[in-house]
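Participant: Sharing a model prediction with you, sequence too.
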Amino acid sequence: MASRKTKKKEGGGLRAQRASSNVFSNFEQTQIQEFKEAFTLMDQNRDGFIDKEDLKDTYASLGKTNIKDDELDAMLKEASGPINFTMFLNMFGAKLTGTDTEETILNAFKMLDPDGKGSINKDYIKRLLMSQADKMTAEEVDQMFQFATIDAAGNLDYKALSYVLTHGEEKEE
């Protein structure tokens, strides 16, 4: 299989493994190897595909035994077919190189908008973005606000921002 290409390391010129897809060219050889190790850990039954039972077993090995079948089904539906190593790489490539879909971004904002107004106070969102998860700097938040529609009351139109984040600017201003 493709693993024979990983043996030649002299000369510093590591080449990506060949496949029917060019997904391998999107990653460095060390990244491909790390993904292969992760895939092998998740492919619990060693059949070359990650299925629902593999996901259950992987979660169990991490101490999470109460994962619901519909959650596992949703994970598997992210793939356009059976999850072999090439599909696994494609899925990670899409996650690592692009932004989330407009729907995903909108749903995240909607969680912060329980009244469904379509807007969130910009000071509130700025505090959250600078204090939670992958913390943003004030400069990064301000840069994002340059692409956002903010009304006179200081409310950010997150629907318009979600569109701009996934499709680019609608028009030049």
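Facilitator: Received the coordinates, thanks.

Participant: Check which helix or strand the spatially most central residue of the chain maps to.
Facilitator: Nearest residue to the geometric centre of the chain (CA atoms, centre = their mean): residue 95, 3.3 Å. Element membership of residue 95, judged by DSSP states H and E, is helix 85-97.

Participant: what's the answer for residue 34, then?
Facilitator: Residue-wise, residue 34 maps onto helix 29-42 under DSSP H and E.

Participant: If we go by neighbour counts, what in that helix is buried?
Facilitator: By neighbour count with 16 or more other CB atoms under 10 Å, helix 29-42 contains the buried residues 29, 31-32, 35-36, 39, 42. To be clear about C-beta, it is placed using only N, CA and C from the backbone, and glycine gets the same treatment.

Participant: So which elements touch that helix?
Facilitator: If you count contacts as 3 or more CB pairs under 8 Å, 6 or more residues apart in numbering; DSSP states H and E, helix 29-42 packs onto helix 52-61, helix 85-97.

Participant: Just checking the distance from that helix to the centre of its chain.
Facilitator: Chain-centre distance of helix 29-42: 17 Å, with CA atoms, centre = their mean, to the nearest Å.

Participant: so how far is residue 134 from residue 90?
Facilitator: Noted for residue 90: a distance of 24 Å to residue 134, by CB to CB, to the nearest Å.

Participant: more crowded one of these two?
Facilitator: Counted by other CB atoms under 10 Å, residue 90 and residue 134 do not tie: residue 90 has more neighbours, with 18 against 5.
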